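1. when you get a sec, could you give me coordinates for this:
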Amino acid sequence: MAQINVRVDDVTKKNVEAVCSALGLSMSTAIIMYLKQISREKRLPLTLSVDSFYSEENMAELRRRISKLESGKAPLVLHDIVEAYNE
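-> Sure, this is the predicted structure:
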């Protein structure tokens with residue numbers, strides 16, 4: 001039997017332990033299940049994606065809007081959700 005040591009921040013560890021506990025599993029059991037699934041399926045059983053917010057198209061649009069605000073060509077409008085949050 002092999003042993004694996006993994007370092008993770010305290011908040012992530014606490015959150016994962018809570019999820020595992022709610023599922024009736026120890027974190028060790030959950031990790032073993034994850035590793036067995038990788039071994040069985042020959043892939044990482046998760047979906048990786050890039051946040052579209054950071055796409056070049058969106059960043060160009062954000063730069064354009066910021067430029068308009070800074071030059072005074074566009075008004076800065078406070079929305080209800082922002083006002084409610086600041087109260």
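2. now do residue 57, the pLDDT please.
-> Note for residue 57: predicted pLDDT of 91.
3. neighbouring contacts of the host helix or strand of it?
-> Using DSSP states H and E, residue 57 sits within helix 56-71. With C-beta atoms under 8 Å, 6 or more residues apart in numbering as the test, helix 56-71 has contacts from 52, 74, 76. (Glycine included, C-beta is placed from N, CA and C.)
4. so which bits of it are buried?
-> Within helix 56-71, no residue counts as buried by 16 or more other C-beta atoms under 10 Å.
5. separation between the spatially most central residue of the chain and residue 7?
-> Closest residue to the average C-alpha location of the chain: residue 51 at 9.1 Å, with C-alpha atoms, centre = their mean. From residue 51 across to residue 7, the span is 25 Å (C-beta to C-beta, to the nearest Å).
6. one more: residue 17?
-> From residue 17 to residue 7 the distance is 15 Å (C-beta to C-beta).
7. neighbour-wise, which of the two wins?
-> A side-by-side neighbour count of residue 17 and residue 7, using other C-beta atoms under 10 Å, places residue 17 first with 14 against 5.
8. tell me which helix or strand that one sits in.
-> Residue 17 belongs to helix 10-22 when elements are defined using DSSP H and E.
9. any idea how the protein splits into domains?
-> 1-47, 52-86 (automatic domain parsing).
10. going by mean pLDDT, which of these comes out lowest?
-> domain 52-86 (a mean of 83).
11. can you tell me the element the nearest residue to residue 25 once chain neighbours are set aside falls in?
-> Nearest residue to residue 25 in three dimensions, chain neighbours excluded: residue 33, at 7.7 Å (C-beta to C-beta, 6 or more residues apart in numbering). For residue 33, the host element (DSSP H and E) is helix 27-41.
12. packing partners of that helix?
-> Helix 27-41 sits against helix 10-22, with contacts defined as 3 or more C-beta pairs under 8 Å, 6 or more residues apart in numbering; DSSP states H and E.
13. list the contacts of the helix it packs on.
-> 8, 26, 27, 29, 30.
14. any chance of the residues you listed in a markdown table, plus distance to residue 37?
-> Shown next, in a markdown table, are the contacts of helix 10-22 (distance: C-beta to C-beta, whole Å):
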| residue | distance to residue 37 |
| --- | --- |
| 8 | 19 |
| 26 | 17 |
| 27 | 16 |
| 29 | 13 |
| 30 | 11 |
